[in-house]
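> Got a predicted model here, sequence first, then my questions.
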Amino acid sequence: MVSLKTLKEYDFNRITDYYEYILLSIVNGQRKQAERLTKKLSTTQKIDAFEYLENYPNKAALECKTLILNSI
């Protein structure tokens, strides 16, 4: 589970900032990093991230959603 403490370690204010970081990792070709970040999410957070990424109709978001689904 990504806690408030973890968010602060990354200098994020909201969990959505963390989701964006995973997406940016995919965009920048850092798939292994995205996988590590995704594994830290709880199942509930993974579902929330998947729903959040529904607002992004692009290839990177699709890859990110697939990564999340495969980790559940």
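Arrived safely.
> CA atoms for contacts and neighbours, from now on please.
Fine.
> ranges for the helices of this protein?
4-9, 15-27, 31-39, 43-53, 59-71 (DSSP state H).
> relative to helix 31-39, how tilted is the last one?
This means helix 59-71. 50 degrees (axes from the mean of the first three to the mean of the last three CA atoms, to 10 degrees).
> average pLDDT across stretch 35-52?
For stretch 35-52, mean pLDDT rounds to 96.
> Endpoints of that stretch, how far apart?
17 Å (CA to CA, to the nearest Å).
> what's the spacing between residue 20 and residue 37?
11 Å.
> phi, psi of residue 55?
Dihedral pair for residue 55: phi -80, psi -10, per degrees, to the nearest 10.
> Give me the pLDDT for it.
87.
> Also residue 63?
pLDDT, residue 63: 94.
> Next, work out how far apart the nearest residue to it once chain neighbours are set aside and residue 14 are.
The shortest distance from residue 63 to any residue other than its chain neighbours is 7.6 Å, reached at residue 26 (CA to CA, 6 or more residues apart in numbering). Distance, residue 26 to residue 14, by CA to CA: 19 Å.
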